[in-house]
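Student: Next input, structure requested:
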Amino acid sequence: MKRFLNTLKGKITTSVSVFAIAILLLISITTTIKLRDNALQNAEKMALSECRDYSGKITSELDKALLANRSLSYILTASILKDSAEKLNRTQVMNILKEVLTNSPTFLGCYTAWEPNAFDRLDAEYKSTIGHDSTGRFLPYYYRVGNEIKLDPIIGIASETTAAWYYEPKKTKNEHVTDPFYYEGVYMISFLAPIVAEANFYGVTGVDYGMDFMQKLVDGYKMYEGNSKLSIISASGTIVAVTNKPKLAGKNIGEVFQNFNPQFLKSASEITSNYQDTVRTLVPFDLGMSGKKWYVMIETPESVLMKEANVFITTIVLICIVSLCLLIFGINYLVGKLTSPINTIAINAKAIAIGKTEMMVINRSSEEIQILDDSFSELMKSQKGITEVCTGIANGDFTQKAMVRSDEDLLAMSVNKMIDNLVLAAKNDKQRNWSAEGMAKFSDILRAEVDLKQLSDTIISNLIKYLKANQGGIFVLNESDKDDIHLELLACYAYDRKKYLHRKIGIGEGLVGQCYLEKENILLSEIPSNYVAITSGLGNSTPRYLILAPLIYNEKVMGVIEIASFHSIEKHEVEFINKLAESIASTISSVKINERTRLLLESSQQQAEEMRSQEEEIRQNMEELMASQEEMTRKEIAYIEEIKSLKERK
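Tutor: Numbering: from 1, shown residues only. From the prediction side, this is the model:
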């Protein structure tokens with residue numbers, strides 16, 4: 001080996017090889033660092049997007065209870081104002097509580113608790129009656145037992161220790177959300193709203209809400225083949241739910257997650273941290289107007305995040321090793337050819353030195369050397385091209401391709417295949433980001449809208465623009481007339497009003513009715529020119545592609561969304577539409593419940609007005625009766641005086 005290194009061939013080969021190794025090593029290290037950083041950054045963005053998505057789902061679900069309880073508080077507050085024309089009696093209040101619980105299958109209980117003698121100052125008349133304690137204090141609590149709804153008075157309210165849920169809103173006069181707790185084996189939370197009129201505290205309204213949906217929600221999180229965990233954490237650090245680990249619910253986060261910094265739960269910002277090769281992402285979200293924040297946390301091992309990047313890194317390292325071997329082989333071969341004439345000269349010189357007269361013939365032609373030089377140049381050019389492509393990959397440029405010189409050029413083909421895989425991965429990331437941004441956008445829309453018609457208009461116009469489609473409509477189930485249940489077109493986009501000749505569709509009628517019955521998507525392409533006018537609810541345009549998706553909430557179809565486009569609807573767009581349809585259905589259900597609550601309030605107000613009219617009529621009758629009695633008394637006195645006068649005359 002030492003002898004070889006002392007030769008010209010050895011020195012040239014060694015020098016060039018060391019230089020090539022240094023370049024390839026630098027490329028490998030640079031590419032590895034770049035890929036690792038990109039993988040972690042993409043993972044952090046994806047985790048933040050997932051956390052935001054799940055926080056939107058949870059907020060949407062909990063807002064049902066928050067809004068319902070807030071509405072109850074407003075109704076009862078309005079009832080106790082001095083000049084209020086909407087005063088309710090105790091029976092009416094209990095009927096409202098029962099109706100809210102009946103119409104809200106996800107609620108576990110609905111109740112109100114008043115200060116002593118604060119409702120109507122008639123506690124003494126209601127002692128130990130249903131919904132009241134032994135003093136007559138108004139404490140009705142409606143709750144579910146199986147399929148039945150029962151009524152009992154609230155107990156243990158006298159002590160702040162056992163009724164912190166009551167004294168907290170009393171102290172702050174703000175909404176209050178309890179930490180999750182177990183009650184008789186059921187995991188739940190309570191939403192409380194104070195009844196405050198003219199700066200005076202009168203009581204609270206409350207809704208008990210089960211937490212089973214949280215566990216089901218996080219169990220559906222399947223990122224990274226189930227190797228990532230999603231957790232919901234309360235403001236105090238109590239674990240609400242963890243993916244596939246329901247037994248952890250109710251425990252403190254410090255008991256489960258090692259070295260978790262409790263200061264994170266005081267932050268209003270999104271946080272990403274790395275502890276012992278595990279990446280944690282924490283995103284806060286608000287609980288109504290209670291001032292409390294809950295958190296969505298995703299915890300993923302760094303090895304899982306780096307799995308795909310490690311494959312690319314391994315591929316690049318293998319490419320570099322193969323390139324190095326080829327390079328060393330080529331260098332050795334070329335140097336051997338270049339030094340062969342020199343060796344021949346050396347042999348001849350040695351022969352002359354020992355006195356030989358016969359010398360080996362030296363090929364003085366430069367053609368062979370030129371050929372070797374050309375081959376070496378081609379080899380170096382190929383290597384340079386591959387190096388440039390690899391450098392471009394490390395810098396995020398996937399537009400370059402290695403030149404494939406033959407069907408046996410495995411190195412160039414491997415590089416090109418790697419580039420195709422990177423392009424595909426980038427495309428998938430773009431689609432996931434598009435879907436996540438869309439869900440965040442529509443989550444804001446769904447939380448902001450109240451009126452069903454306005455909500456439908458806003459959703460369909462924004463959805464058509466976001467999908468870059470051409471036209472669409474939202475059909476909502478109309479059950480106002482039990483004898484005529486149908487799907488009503490509440491909102492549409494890109495159609496003139498004169499084209500909406502029929503705004504309702506019967507169950508099972510056309511594509512919309514068929515989609516409602518089957519509870520499955522309908523996706524059509526290459527639609528004939530007269531197909532839409534015959535079978536679709538959108539009108540008489542002729543788009544090429546059509547999709548109908550059912551709006552399903554709690555296994556009930558709330559309506560159908562229909563979208564038509566002149567360009568094809570991609571798979572990720574279909575998945576996005578299905579995902580959004582669930583949120584739309586949930587919001588429609590909430591809006592309908594709120595509308596029924598409003599109608600119930602109006603009915604209660606009308607009954608109160610009728611009672612006031614009857615009381616006025618009775619008062620007038622009593623006044624007339626008293627006047628008649630006074631007249632009769634006066635006449636009787638006059639008659640007695642007259643009789644007495646006649647007797648005196650006699």
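Student: Please enumerate the helices of the protein.
Tutor: 2-5, 8-80, 90-102, 164-172, 212-219, 253-256, 302-305, 307-353, 367-394, 410-448, 452-467, 510-518, 531-535, 571-649 (DSSP state H).
Student: Present these as CSV; the columns should include distance to S273 and mean neighbour count.
Tutor: To be clear about C-beta, it is placed using only N, CA and C from the backbone, and glycine gets the same treatment. Converted to CSV, the helices of the chain look like this (distance: least, CB to CB, whole Å; neighbours: other CB atoms under 10 Å):
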stretch, distance to S273, mean neighbour count
helix 2-5, 52, 9
helix 8-80, 10, 18
helix 90-102, 42, 19
helix 164-172, 32, 18
helix 212-219, 20, 17
helix 253-256, 14, 14
helix 302-305, 12, 17
helix 307-353, 20, 16
helix 367-394, 27, 16
helix 410-448, 21, 16
helix 452-467, 33, 18
helix 510-518, 45, 19
helix 531-535, 53, 15
helix 571-649, 29, 13
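Student: wait, which of those is closest to A199?
Tutor: Closest to A199 of those is helix 8-80 (CB to CB; 12.0 Å).
Student: Please compute how far that closest one lies from its chain's middle.
Tutor: 16 Å (CA atoms, centre = their mean, to the nearest Å).
Student: circling back to that earlier point, could the helices of the chain go into CSV alongside distance to I239 and mean pLDDT?
Tutor: Shown next, in CSV, are these (distance: least, CB to CB, whole Å; pLDDT from 0 to 100):
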stretch, distance to I239, mean pLDDT
helix 2-5, 66, 65
helix 8-80, 14, 78
helix 90-102, 28, 93
helix 164-172, 20, 91
helix 212-219, 10, 86
helix 253-256, 6, 77
helix 302-305, 22, 70
helix 307-353, 27, 67
helix 367-394, 42, 64
helix 410-448, 24, 80
helix 452-467, 34, 86
helix 510-518, 40, 88
helix 531-535, 51, 45
helix 571-649, 25, 80
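Student: Can I get these in a markdown table including distance to P550?
Tutor: Formatted as a markdown table, the helices of the chain follow (distance: least, CB to CB, whole Å):
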| stretch | distance to P550 |
| --- | --- |
| helix 2-5 | 77 |
| helix 8-80 | 18 |
| helix 90-102 | 26 |
| helix 164-172 | 39 |
| helix 212-219 | 20 |
| helix 253-256 | 38 |
| helix 302-305 | 35 |
| helix 307-353 | 35 |
| helix 367-394 | 44 |
| helix 410-448 | 17 |
| helix 452-467 | 15 |
| helix 510-518 | 6 |
| helix 531-535 | 17 |
| helix 571-649 | 7 |
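Student: Those helices: which one's closest to K293?
Tutor: Nearest of those (CB to CB): helix 8-80, 10.1 Å.
Student: out of the helices of the chain, which comes closest to R144?
Tutor: helix 90-102 (7.2 Å).
Student: List the contacts of that closest one.
Tutor: In this structure, residues lying in contact with helix 90-102 by CB atoms under 8 Å, 6 or more residues apart in numbering are 68, 72, 75-76, 79, 88, 107, 109-112, 119-120, 126, 131, 138, 140, 142-144, 149, 151, 207, 597, 600-601, 604, 607-608.
Student: nearest to G288, of the helices of the chain?
Tutor: Closest among the helices of the chain, using CB to CB: helix 8-80, at 4.1 Å.
Student: thought L422 was touching I393?
Tutor: Yes - checked against CB atoms under 8 Å, the pair L422 and I393 is within contact range at 6.7 Å.
Student: Can you check which residues contact both of these two?
Tutor: With contacts defined as CB under 8 Å, 6+ apart, no residue is shared by L422 and I393.
Student: What ranges in the stretch 151-300 of the chain fall below the confidence cut-off?
Tutor: Counting by pLDDT under 70, the stretch 151-300 of the chain has low-confidence residues at 258-259, 261-268, 275-276.
Student: can you do 90?
Tutor: Within the stretch 151-300 of the chain, the stretches falling below the threshold (pLDDT under 90) are 156-164, 178-188, 197-199, 210-300.
Student: who does P140 bridge with?
Tutor: P153 (DSSP bridges).
Student: Show the contacting residues for it.
Tutor: Residues near P140 by CB under 8 Å, 6+ apart: 90, 93-94, 97, 111-112, 130-132, 151, 153-154.
Student: Need these in JSON lines (columns: distance to S236).
Tutor: Formatted as JSON lines, the contacts of P140 follow (distance: CB to CB, whole Å):
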{"residue": "R90", "distance to S236": "35"}
{"residue": "V93", "distance to S236": "32"}
{"residue": "M94", "distance to S236": "33"}
{"residue": "L97", "distance to S236": "29"}
{"residue": "Y111", "distance to S236": "23"}
{"residue": "T112", "distance to S236": "26"}
{"residue": "I130", "distance to S236": "36"}
{"residue": "G131", "distance to S236": "32"}
{"residue": "H132", "distance to S236": "33"}
{"residue": "L151", "distance to S236": "32"}
{"residue": "P153", "distance to S236": "29"}
{"residue": "I154", "distance to S236": "24"}
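Student: which one of those is nearest K173?
Tutor: Of the contacts of P140, the one sitting nearest to K173 (CB to CB) turns out to be T112, at 16.0 Å.
Student: Let me see the contact set for L523.
Tutor: Counting by CB under 8 Å, 6+ apart, L523 touches 545-548, 569, 574.
Student: swap in I316?
Tutor: Taking CB under 8 Å, 6+ apart as the contact definition, I316 lies against 27-28, 31-32, 390, 393, 418.
Student: Of those residues, which is the nearest to Y295?
Tutor: So of the contacts of I316, ranked by how close each gets to Y295 (CB to CB), first place is T32, at 33.8 Å.
Student: closest one to E184 among the helices of the chain?
Tutor: Here helix 212-219 is closest among these (CB to CB), at 14.1 Å.
Student: Mind giving me the packing neighbours of that closest one?
Tutor: helix 8-80, strand 229-233, strand 239-242 (3 or more CB pairs under 8 Å, 6 or more residues apart in numbering; DSSP states H and E).
Student: try 10 Å this time
Tutor: helix 8-80, strand 186-197, strand 229-233, strand 239-242 (3 or more CB pairs under 10 Å, 6 or more residues apart in numbering; DSSP states H and E).
Student: hang on, the earlier thing: ok, which of the helices of the chain comes nearest K401?
Tutor: Using CB to CB, the nearest of the helices of the chain to K401 is helix 410-448, at 5.3 Å.
Student: Dump the contacts of I316 to TSV, plus distance to C515.
Tutor: Formatted as TSV, the contacts of I316 follow (distance: CB to CB, whole Å):
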residue	distance to C515
I27	55
S28	54
T31	49
T32	50
C390	51
I393	46
M418	43
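Student: which among these gets closest to A241?
Tutor: T32 (37.5 Å).
Student: Can you get me the start-to-end distance on stretch 149-169?
Tutor: End-to-end distance for stretch 149-169: 26 Å, by CA to CA, to the nearest Å.
Student: Give me the buried stretch members for it, please.
Tutor: Buried residues in stretch 149-169, counted by 16 or more other CB atoms under 10 Å: 153-154, 157, 163, 165-166, 168-169.
Student: Identify the farthest-apart pair in the residues you listed.
Tutor: Largest pairwise distance in the buried residues of stretch 149-169, by CB to CB, is 20.6 Å, between P153 and E168.
Student: where's the closest residue to A78 other than its chain neighbours relative to A118, distance?
Tutor: Nearest residue to A78 in three dimensions, chain neighbours excluded: E86, at 5.4 Å (CB to CB, 6 or more residues apart in numbering). Going from E86 to A118 by CB to CB, to the nearest Å gives 17 Å.
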